[in-house]
Structures are given as C-alpha cells and as structure tokens.
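Colleague: give me a 3D structure for the following:
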Amino acid sequence: MPTTPPIAWANVGKTFVVSARRSPTGFCISRLKGSSDLSVAFTKEDSAETASETLLPDRPVSPHPNLVTEAGLKALEFQLHQAREAYETAQKIEDVNERRRQAAIPLRDARYFAARVRTAQVVTRPAQPTLSPLAAQ
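Modeller: Numbers count the residues shown, from 1 in each chain. Below you'll find the predicted structure:
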C-alpha cells in the first residue's frame, strides 16, 4: 500500500510531523516528532471493536423456577452488593480503556445477580427430609 506524504500539524507554536499510512481500518499514525505533549486527537484509545469486546455476554440464567431459602436469598443479595461495589470501584479509574476492562465482569455479575434476586422465590426448608418408601427399606 502506498504511504501518504507527511502531514504538518501545528500545536501550541510547535509543528509536529506526522507520518500517516493507509491501513485496512483507516489511517495509522506511525511517528510524531516534536514535543511529547500530544493533542487529544493523537492519544491512544481502543477502537469501537475493542471497546465492544469489554461488553461481556450475560451469564446464562436457568429457565426453571428460582427456588431459594432465606439464607440463599441473602447470599444472592450479598453477591449483588459485592458486584455493585466492584463496579463502582472500577468507575473511579481515570483511564477510560482500563475502566471499561475492569468494569466488564462486575457489570455482567450485577446484571446476573439482579435477575436472580428479582426472580427468587423463597421457600421454607422442610424440618426433616422425607424418605421415599423404597429408601426406608
């Protein structure tokens, strides 16, 4: 592929020479000369494709009734709380790409546990397990 000639870019009284080349996804900036202070336009960001990779698919939820005990419901609520806290912690990260990566799993888990808590049907635990007539013999 032919390369394009260098492009002059002016920024705060200095000229940066950019060597751009055409790639399958657009233009790639391969070299900058001048100050190490780069314009926001030249900072590294993940592409939309990479950003979409941080959106994890939902965890599978059983189509069967979600029967839980009181202790099981409390455990689900605790896990939901932990996932939300982890997500909030990840949101404090300044780098947008790292924030996306660190928030992906807690966000997926929060969606999962919210669905499990929402569909939970609390059942009382039987006092004694009943034995079938065959097991009693």
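
Colleague: quick one: low-confidence parts of this protein?
Modeller: Within the chain, the set of residues satisfying pLDDT under 70 comprises 1-54, 126-133, 135-137.

Colleague: could you chop it up by domain?
Modeller: The record's domain parsing of the chain by automatic domain parsing lists 1-34, 51-124.

Colleague: buried stuff in the biggest helix by length in the chain?
Modeller: As assigned by DSSP state H, the longest helix anywhere in the chain is helix 96-119. For helix 96-119, a neighbour-count test (16 or more other CB atoms under 10 Å) marks 100-104, 106-113, 115-116 as buried. C-beta here means a position set from N, CA and C on the backbone, and glycine is covered the same way.

Colleague: and if you look at stretch 56-72?
Modeller: 66, 68, 72.

Colleague: coming back round to it: so what does the longest helix of the chain touch, helix or strand wise?
Modeller: Applying 3 or more CB pairs under 8 Å, 6 or more residues apart in numbering; DSSP states H and E, one finds that helix 96-119 makes contact with helix 48-53, helix 70-90.

Colleague: distance to Val122 for the ones you listed - can I get that in CSV?
Modeller: Output for the helices and strands packed on helix 96-119, formatted as CSV (distance: least, CB to CB, whole Å):
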stretch, distance to Val122
helix 48-53, 38
helix 70-90, 6
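
Colleague: need the winner for burial among the ones you listed.
Modeller: Neighbour counts (mean count of other CB atoms under 10 Å) averaged over each of the helices and strands packed on helix 96-119 peak at helix 70-90, with a mean of 15.

Colleague: how about residues contacting it?
Modeller: Residues outside helix 70-90 that contact it (CB atoms under 8 Å, 6 or more residues apart in numbering): 68, 99, 102-103, 105-107, 109-110, 112-114, 116-117, 120, 122.
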